[in-house]
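J.: Sequence first, then the predicted structure, then my questions.
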Amino acid sequence: MDTIPEEQIGEIPLELSPDLDAELVEEFISDARERLEHIEQGTLALEKNIHDQAVIHSLFRAFHSFKGNASFLDFTAISQLAHTLESLLDGARENRLQINSVVVDIILKSRDTLKRFVDEVEAQITGKKPRQVVHIPTAVLKAAARHIVNNGEAPAPKVAPVATETPAATPAPSTAPATTEKKPALMPTPMPICNPVAKLKPSTYVGGTALHAVKVSTARLDGLVDLAGELLIAQSLIVQNFSSPGVNRHTIARNLEQLNRIGKELQRTAMSMRMVPIRSTFQKMHRLVRDISAQQGKDVQLVLDGEETEVDRTIVEKIGDPLMHMVRNAVDHAIETPERRVAMGKPPTGTIHLRAYHKSGNIVIEIEDDGLGINRGRILEKAVENGLLSPGEKPDDKDLLYLILRPGFSTAAVVTAISGRGVGMDVVHRNISRLRGKIDIRSVSGQGTVFTIRLPLTLAVIDGLIIRVGGQRYILPTISVRESFPPKSCQITSLPGGGELVQMRKEVIPLLRLREHFQMKEDTGCPGDGILVVIESDGKKRCLMADELVGKQEVVIKNLGEVFKTDPMVSGGAILGDGCVGLILDAAALVHLDPESDVLRRFESFDRESALDYAHSG
């Protein structure tokens, strides 16, 4: 028989019955995650206005439903904790107790504990963990809540913090006792969603595999059904045109145009169903700012703007961690203590603005603070110390600020539990690059910093520049293309030992002949033939030599499977207008080619001034 640690005596364990209905558990998890998010945001709002009865009633209903769902599945540990919090909020509803910071802390820590239970249930029901008896401490939280309910005031001792480690689990016996048969019951009705548009929903599972889902408004579904009906009508008209003699070309062309319009509208509507508001990702930052500022004795407010901005579900899922790193850094590094801010003539409360908006076919996210700004002298000092710059070297301001995105780079004088190890901003940069995005940095010393992230609206469709190399066509994302022009012989300079440079105004850019790179046998001809396309990624540029600029087109990205999985130059494929497949080239990979490659090895050994001098002398 397994022994229970002394500190867990009196705690209620959680065990998943072997005959538990997996579909019911999946529905419980989905509903629980939505309620947990609602509880967190509602509690943070309550902290700002402790007399807001609407929020108190909303939180009471959330814990009440949580309790009912957990009781139905016989999750006693979850239902009892939720019941205790329900009683606490019931006292606040009836004005029998006063909401204060201690009550808020208990609610938030109880929410975190419930989330740990839900995470453990999800891990076991999906097979990521074996079926185990889970022991997560709840007695201290329940005792503190009951003390407030019974006495109408906060307890004297502080509530023990909720641990963040994986909950201790005891292996379940191989043969579980038979559970008492329960009569079928309906799950409590989920709380209505205020916003009728598409909203991110947690994963559901089929055969242990996570399947992501979104909630979509009925208006969008109705529109999709209507378009499908129009598509069938247009198709039948065209079939009838070709089967009926005497139909003129004008009628056929008109019906084909109608079919083309419906197809584009169908694609737009289908893509819009993947779009979800970025609200949920933004609102998670409230808790982060609250906790870190409390730890550091700072007074920080988070202002959100553009929460309704819609973006592809995949981007919403992947942008959360980068934003968390950046907001954490803003509180830890940028915002000063209230005393220092007052001494500098600033208000004691620091402000972080988190904005999102659409611009030029992209989504733009800004993280702005009114703190110290980036210390350029400190960056220069650390860059020399780390060997990134030579002593006395003075890069331009943009290149200097971009150094904070390098792996392992940190200007923090002290390593804390929050930051200072140099593993934050490079992760941000890498994750945003994977989303085909870019980061811009603006900073004014003593006034603050603005990080601007530009991302595509969706990862499924891109604007592409189609180029021809030999008999093949390739696609370059237009977000990475800076300009294109026909080359002149005087612009191209050969380096000793191999490699070429292109002189463009006051800068020189390494040239990559795509025919040679793709090992095509035909010769390009003289340097004046073809077209030069300048691409940029992470502040670096490369000039590509292609045979022809075919045009610009919006293309749907197709996964090429295992064949091209190991090729870093190809990020996908697309079916072009004539039905042929064009490969989508990865601009970041082309820009960051292996420095040992024959094409770029010579250029990488040149500094900017030497390259310019050599190009002019050539």
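T.: Sure thing, it's come through.

J.: shaky segments in the stretch 1-150 of the chain?
T.: Low-confidence segments of the stretch 1-150 of the chain, defined by pLDDT under 70, are located at 1-10.

J.: Do a quick rundown of the strands in it.
T.: 132-135 (DSSP state E, counting those that start in this stretch).

J.: What ranges does it have for its helices?
T.: Secondary structure of the stretch 1-150 of the chain (DSSP state H, counting those that start in this stretch): helices at 22-48, 53-72, 76-93, 101-125, 139-151.

J.: Run the chain-centre distance for the last one.
T.: Think helix 139-151. 38 Å (Cα atoms, centre = their mean, to the nearest Å).

J.: same thing with the second one?
T.: The gap between where helix 53-72 is centred and where its chain is centred comes out at 29 Å by Cα atoms, centre = their mean.

J.: now it against helix 101-125, angle please.
T.: 30 degrees (axes from the mean of the first three to the mean of the last three Cα atoms, to 10 degrees).

J.: Residues in contact with helix 53-72: which ones?
T.: 24, 28, 31-32, 35, 38-39, 42-43, 45-46, 49, 76, 78-79, 82-83, 85-86, 89-90, 92-93, 99, 107, 114, 182, 185, 187-188, 190-191 (Cβ atoms under 8 Å, 6 or more residues apart in numbering). To be clear about C-beta, it is placed using only N, CA and C from the backbone, and glycine gets the same treatment.

J.: Buried members of those into PyMOL, please.
T.: Restricted to buried positions by 16 or more other Cβ atoms under 10 Å, the PyMOL selection for these reads:
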select buried, resi 28+31+32+35+38+39+42+43+45+46+78+79+82+83+85+86+89+90+92+99+107+114+188
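
J.: Show me where the stretch 201-350 of the chain dips below the pLDDT cut-off.
T.: 201-215.

J.: ok, 80 please
T.: 201-218, 220, 241-248, 264, 267-268, 270-274 (pLDDT under 80).

J.: need the helices for it, in chain order.
T.: With DSSP H, counting those that start in this stretch, the ranges of helices along the stretch 201-350 of the chain come out as 218-243, 249-272, 279-296, 313-329, 338-343.

J.: Using JSON lines, please lay out these together with mean neighbour count and distance to Ser489.
T.: Listed next are the helices of the stretch 201-350 of the chain as JSON lines, based on neighbours: other Cβ atoms under 10 Å; distance: least, Cβ to Cβ, whole Å:
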{"stretch": "helix 218-243", "mean neighbour count": "13", "distance to Ser489": "52"}
{"stretch": "helix 249-272", "mean neighbour count": "14", "distance to Ser489": "44"}
{"stretch": "helix 279-296", "mean neighbour count": "18", "distance to Ser489": "52"}
{"stretch": "helix 313-329", "mean neighbour count": "19", "distance to Ser489": "44"}
{"stretch": "helix 338-343", "mean neighbour count": "14", "distance to Ser489": "60"}
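
J.: Ok, which of the ones you listed comes nearest Gly437?
T.: helix 313-329 (8.5 Å; Cβ to Cβ).

J.: packing partners for the closest one?
T.: strand 199-206, strand 209-215, strand 275-277, helix 279-296, strand 350-359, strand 362-369, helix 425-434, strand 448-456 (3 or more Cβ pairs under 8 Å, 6 or more residues apart in numbering; DSSP states H and E).

J.: any idea of the angle that helix forms with helix 425-434?
T.: 160 degrees.

J.: Restrict helix 313-329 to CA atoms and write it as CSV.
T.: Extracted in CSV, the C-alpha atoms of helix 313-329 (Å, rounded to 0.1, in the frame of the first residue of the first chain):
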residue,chain,number,x,y,z
ARG,A,313,-5.8,31.1,-34.7
THR,A,314,-2.3,29.6,-35.2
ILE,A,315,-0.7,33.0,-34.7
VAL,A,316,-2.8,33.6,-31.5
GLU,A,317,-1.5,30.3,-30.1
LYS,A,318,2.1,31.0,-30.9
ILE,A,319,2.4,34.7,-30.1
GLY,A,320,1.5,34.2,-26.4
ASP,A,321,5.0,33.2,-25.2
PRO,A,322,6.9,36.0,-27.0
LEU,A,323,4.5,38.6,-25.7
MET,A,324,4.9,37.2,-22.2
HIS,A,325,8.7,37.6,-22.4
MET,A,326,8.4,41.2,-23.6
VAL,A,327,5.9,42.3,-21.0
ARG,A,328,7.9,40.6,-18.3
ASN,A,329,11.0,42.4,-19.5
